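In: the amino acid sequence is not available; the structure is as follows:
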């Protein structure tokens with residue numbers, strides 16, 4: 001058991017060193033003008049640029065995507081409406097799923113339409129995906145930023161993990 005533990009620990013350390021080395025190489029290539037390497041370093045500023053370009057406050061953010069969301073009611077039916085801005089792009093006839101993980105609850109929501117397609121933005125490396133999710137009235141009361149820890153969006157074979165955006169973190 002000790003040997004297996006030491007091997008796992010060594011493997012984690014090697015992966016960490018490999019990641020550091022690869023990040024160094026990517027930054028070095030970007031400095032010499034390699035376009036692919038420049039794209040990888042560009043992603044760091046990508047999310048911040050989206051937030052600055054849109055006047056509304058984000059609901060949640062992922063590495064290179066920003067999720068704007070709100071709860072709406074139409075004729076007694078509730079919808080959790082989302083707009084994802086960033087690199088996320090989908091074109092599917094099978095819909096999307098949103099898992100909302102909160103304080104003491106977990107909701108699995110399905111998109112209200114099965115056919116979804118992201119729109120390409122004029123700004124490079126940005127797509128706009130509008131997806132509405134059906135939600136029961138009893139669950140709609142749980143949808144508040146302070147009650148939610150994480151949102152996981154799944155469409156086709158893509159999975160994005162969003163964490164609640166806190167504007168006070170940006171001001172400090």
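Out: Arrived safely. If you're wondering where the values come from, they're calculated on a predicted model, not measured in any experiment. Numbering: from 1, shown residues only.

In: distance of residue 90 from residue 148?
Out: 22 Å (CB to CB, to the nearest Å). Where C-beta positions appear, they are placed from N, C-alpha and C, glycine not excepted.

In: which one of the two has more residues nearby?
Out: Neighbour count, other CB atoms under 10 Å: between residue 90 and residue 148, residue 148 has more, with 21 against 18.

In: what bridges to the nearest residue to that one once chain neighbours are set aside?
Out: Spatially, and ignoring its direct neighbours in sequence, residue 148 is nearest to residue 102 (4.7 Å; CB to CB, 6 or more residues apart in numbering). Note on residue 102: beta-bridge partners residue 105, residue 148, judged by DSSP bridges.

In: any idea how far residue 102 is from residue 67?
Out: In terms of CB to CB, residue 102 sits 15 Å off from residue 67.

In: which one of those two has more residues nearby?
Out: Between residue 102 and residue 67, counted using other CB under 10 Å, residue 67 has the larger neighbour count: 25 against 17.

In: just to check, that one is in contact with residue 82?
Out: Yes: between residue 67 and residue 82 there is a contact at 5.8 Å, judged by CB atoms under 8 Å.

In: quickly list what's touching both of these two.
Out: 59, 153 (CB atoms under 8 Å, 6 or more residues apart in numbering).

In: tell me the domain boundaries of the chain?
Out: The chain breaks down by automatic domain parsing into domains covering 2-33, 57-171.
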